[in-house]
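**Q** Quick one: sequence plus predicted model below, questions after.
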Amino acid sequence: MAHLFPSQLAERKRIDDAELAELSKFADYGCILEIHSLTMLPDGRSFVDAVGVSRFRVLRRGQRDGYQTADIEYLEDIKVEGPELEQLQVLHDDVYQRALGWYEGMSGDVRERNHAQYGALPDKEENIQTWSDGPAWCWWLLSVLQLDPAYQTTVLSLPSLKDRLGHLRQALQYFSQS
């Protein structure tokens, strides 16, 4: 019996290492989704139409009954006031105008496909700090631009609307040049 014990420990460690590697594949930040519709496909897959409603950061990962679990912390944007808010509003308006120009500059077919998948570019909100996650059009743009998922996660994780707008402006500049 004593000869089996070390091999059992080694097997358990191998399984634990495999589970840990599987858990580490998930991003440290994410978004809670609101499901609008679910369509089952003939091959067993599903088509899910969903909209993100709030961002979160993963504090701890786990597994329960074969499913991945996590303890999370919801993220909210840092609010600004006074001159800083005025500068943020100018940046916001500039990036929105660039996004609108980029969107309207798409060929008709591409714009129609984007519209079918993502809807139209949302209108600018009157108060850019109304929602804890910032203006809806920023998240729409982040999806439509089809950026690298790791980069999208970085932008998603930022608690500063100013920083997110800076990233979106850079992305729009890049896509406008190509």
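**A** That came in fine, so what should we check first?

**Q** ok, which stretches of the chain are helices?
**A** Listed in chain order, the helices found in the chain under DSSP state H are 4-23, 82-104, 108-118, 136-144, 149-157, 161-177.

**Q** Now do the fourth one and helix 108-118, the angle between them.
**A** Put simply, helix 136-144 runs at 110 degrees to helix 108-118, going by axes from the mean of the first three to the mean of the last three C-alpha atoms, to 10 degrees.

**Q** and what of the longest one?
**A** Relative orientation of helix 82-104 with respect to helix 108-118: 120 degrees, computed using the same axes, to 10 degrees.

**Q** Please convert the helices of the chain to JSON lines, extending it with distance to Ala70 and mean pLDDT.
**A** Placement of C-beta: from N, CA and C, glycine included. Shown next, in JSON lines, are the helices of the chain (distance: least, C-beta to C-beta, whole Å; pLDDT from 0 to 100):
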{"stretch": "helix 4-23", "distance to Ala70": "9", "mean pLDDT": "57"}
{"stretch": "helix 82-104", "distance to Ala70": "31", "mean pLDDT": "94"}
{"stretch": "helix 108-118", "distance to Ala70": "27", "mean pLDDT": "83"}
{"stretch": "helix 136-144", "distance to Ala70": "21", "mean pLDDT": "91"}
{"stretch": "helix 149-157", "distance to Ala70": "15", "mean pLDDT": "90"}
{"stretch": "helix 161-177", "distance to Ala70": "23", "mean pLDDT": "92"}
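
**Q** Output those helices as TSV; include the columns mean neighbour count and distance to Pro42.
**A** Shown next, in TSV, are these (neighbours: other C-beta atoms under 10 Å; distance: least, C-beta to C-beta, whole Å):
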stretch	mean neighbour count	distance to Pro42
helix 4-23	10	29
helix 82-104	15	34
helix 108-118	12	21
helix 136-144	20	27
helix 149-157	15	28
helix 161-177	16	36
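
**Q** I'd like the ones you listed as a markdown table, with distance to Leu38 appended.
**A** Listed next are those as a markdown table, based on distance: least, C-beta to C-beta, whole Å:
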| stretch | distance to Leu38 |
| --- | --- |
| helix 4-23 | 25 |
| helix 82-104 | 28 |
| helix 108-118 | 16 |
| helix 136-144 | 19 |
| helix 149-157 | 23 |
| helix 161-177 | 30 |
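
**Q** Which one, of the ones you listed, ends up nearest to Ile128?
**A** Judged by C-beta to C-beta, the one of the helices of the chain that comes nearest to Ile128 is helix 82-104, at 5.1 Å.

**Q** Now find how far off-centre that closest one is within its chain.
**A** Here helix 82-104 is found 20 Å from its chain centre; the criterion is C-alpha atoms, centre = their mean, to the nearest Å.

**Q** can you give me the angle it makes with helix 161-177?
**A** Using the same axes, to 10 degrees: helix 82-104 against helix 161-177 is 30 degrees.
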